[in-house]
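> Requesting a structural model of the entry that follows:
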Amino acid sequence: MTDDLFEAMDATWPAAALHRAGDWLLREGRGGGKRVSAASTARPDADIAAMEAAQQALGQPALAMIRPGQEALDARLEAAGYRLVDPVLLMAGPVDAVAAGVLTPVTAFDVWPPLAIQRDLWAEQGIGPERLAVMARVGGDKTAILGRIEDRAAGAAFVARAGDLAMVHAVEVLPPWRRRGLARQMMRAAAQWAQARGCARIALAVTSGNAPARALYSGLGLEIAGAYHYRVR
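You can find the predicted model right below:
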């Protein structure tokens with residue numbers, strides 16, 4: 001199950017280009033963040049120096065994504081001076097469970113392309129033009145969710161479909177309106193959008209240390225389905 005989540009993540013949050021360096025697959029991120037700039041490999045004995053040289057040629061840090069079962073590669077990178085950053089959990093569940101219930105009127109709805117206010121909300125939370133470019137690269141079904149509370153826009157999220165799986169990315173609620181149910185409404189809107197397009201499951205990635213977000217997603221019926229982390233020199 002984990003493999004299809006990684007495939008869906010690559011499809012719904014794609015790198016600008018893919019490159020090969022020996023046994024490594026390199027993602028060219030163009031400023032879009034770790035997920036689209038990391039190198040990955042299935043071989044525990046992959047040449048680390050080849051990855052470093054290729055990342056340098058792309059103007060990116062020497063960054064590798066480590067997936068479940070890659071303990072040997074992880075240990076080699078650690079021994080080579082790579083530090084662990086951003087442990088991430090993949091959470092997934094039935095789309096019907098998340099979509100269940102009635103949306104509070106004008107609280108959350110989908111729109112594509114994103115409205116200027118959504119772009120501004122994301123920018124306030126550090127999701128700038130480079131990550132918006134990642135969203136624009138998605139070729140299949142996709143949309144942006146706008147969240148509203150107290151007659152103002154206060155949240156934004158992105159969701160895209162990969163087969164029968166919907167992946168949610170870039171879920172942000174402005175600090176003054178957090179923990180007031182808006183993110184739940186936004187996730188419900190995302191799930192209802194996915195449900196209408198025949199998706200059976202909905203998933204997302206969340207940093208393992210983000211306890212409030214994990215509690216929210218667990219409460220919606222999502223369960224931990226995988227994990228990964230990065231190593232950076």
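> C-alpha from now on. contacts and neighbour counts both.
Will do.
> Helix or strand for Asp120, just tell me which one.
helix 116-124 (DSSP states H and E).
> Not counting the helix or strand following that helix itself, show me its contacts.
Once the chain leaves helix 116-124, the next helix or strand it forms, by DSSP H and E, is helix 129-137. With CA atoms under 8 Å, 6 or more residues apart in numbering as the contact definition, helix 129-137 has outside contacts at Thr12, Trp13, Pro14, Ala15, Ala16, Arg30, Gly31, Gly32, Gly33, Phe158.
> Okay, and which of these map to strands?
If you go by DSSP state E, the contacts of helix 129-137 have Phe158 in strands.
> Out of the contacts of helix 129-137, which is nearest to Arg201?
The closest of the contacts of helix 129-137 to Arg201 turns out to be Thr12 (CA to CA; 14.1 Å).
> Now for that closest one: which residues touch it?
Met135, Val138, Val159, Ala160, Arg161, Ala162, Met167.
> and what of Arg184?
By CA under 8 Å, 6+ apart, the residues touching Arg184 are Leu216, Leu220.
> what's the helix or strand for it?
helix 182-196.
> Could you give the separation of that helix from the chain centroid?
Centroid separation for helix 182-196 versus its chain: 16 Å, with CA atoms, centre = their mean, to the nearest Å.
> Which helix or strand lies directly C-terminal to it?
strand 201-207.
> so how far is that following strand from its chain's centroid?
For strand 201-207 - counting by CA atoms, centre = their mean - the centre lies 7 Å from the chain centre.
> With distance to Pro94 as new columns, can the contacts of Thr12 be given to me in TSV?
TSV is the format used below for the contacts of Thr12 (distance: CA to CA, whole Å):
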residue	distance to Pro94
Met135	24
Val138	23
Val159	15
Ala160	16
Arg161	14
Ala162	15
Met167	12
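> Which residues does stretch 154-170 contact?
If you take CA under 8 Å, 6+ apart as the criterion, stretch 154-170 is touched by 8-9, 11-13, 118, 121-122, 127, 135, 138, 140-148, 171-174, 177, 182-183, 186, 190-191, 194, 198-205.
> swap the cut-off to 7 Å and go again
8-9, 11-12, 118, 121-122, 140-148, 171-174, 177, 190, 194, 198-204 (CA atoms under 7 Å, 6 or more residues apart in numbering).
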